[in-house]
Every structure is written in C-alpha cells, then in structure tokens.
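S.K.: this is the structure alone, sequence omitted:
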C-alpha cells in the first residue's frame, strides 16, 4: 500500500488505495478540554480545562511545564500564551 499526503489550496487530502479523504467543509468545534496520552497504557486521559474552547494552537514543553500558544476560538484568533503545571498526578492551568 502506498500512502500519499499533500496539501492543495488549504484542503488536506490523503490518498490510500484509490480513496481520497478530505477534511474541508466539516463544522469546526472548539474544545476546552485538555487531554494527555499515557505512553504506559496507550490511553488518553482528560487532564484539565482551558478557560474557553479553542483549537489550532501549538503546545510544547518547557522547564517542566506545558506551554499553550495561540490558536483560535469560534469568534477570533487567540494571542495568548498559557502554561500548565503537572504535580505528578494532575495538570493545572497556571494563573
């Protein structure tokens, strides 16, 4: 099986065995829930909530914290940077 992936005018497509999957045209939803993937048991776990639903942001780790950068809400782009801390059990959104 050959898998091709390409971008064309903002549409993302994957061609797999003569089938094209397009993700454009779907209703966008913005989530406030934050999830983490456990590599021990390969399960997703809800670890926190953002102040508002958002999507399309960037997340990374820095100095033991998760940094959430930008994104968008249903109404406008976000120009925020937020951090989350982890105490060994739970994540909390820093104030």
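M.R.: In hand now; what should we look at? What you are looking at is a predicted structure, and each value in this text was computed from that prediction instead of being measured.

S.K.: list phi and psi for residue 27.
M.R.: Taking degrees, to the nearest 10, you get phi -70, psi 130 for the backbone angles of residue 27.

S.K.: ok, it to residue 41 distance?
M.R.: Applying C-beta to C-beta, to the nearest Å, the value for residue 27 to residue 41 is 32 Å. Using the backbone N, CA and C atoms, a C-beta is placed for each residue, glycine as well.

S.K.: and those two? which has more neighbours close in?
M.R.: Counting neighbours by other C-beta atoms under 10 Å for residue 27 and for residue 41 shows that residue 41 has the greater number, 7 against 4.

S.K.: before we move on, what SS does that one have?
M.R.: Each residue gets one of three states, and residue 41 gets coil by DSSP: H, G, I helix; E, B strand; the rest coil.

S.K.: let the chain start at 895 from now.
M.R.: Renumbered: residue one is now 895, and that last one reads residue 935.

S.K.: for it, which residues are in contact?
M.R.: Listed by C-beta atoms under 8 Å, 6 or more residues apart in numbering, the contact set of residue 935 is empty.

S.K.: quick one: it from residue 955, how far?
M.R.: Going from residue 935 to residue 955 by C-beta to C-beta gives 21 Å.

S.K.: would you list every one of the helices in this protein?
M.R.: Defined through DSSP state H, the helices belonging to the chain form an empty list.

S.K.: just the strands in the protein please.
M.R.: 897-902, 905-910, 913-916, 925-932, 937-948, 952-956, 959-963, 975-980, 985-987 (DSSP state E).

S.K.: and those, which one is worst for confidence?
M.R.: Sorting the strands of the chain by mean pLDDT places strand 897-902 lowest, at a mean of 41.
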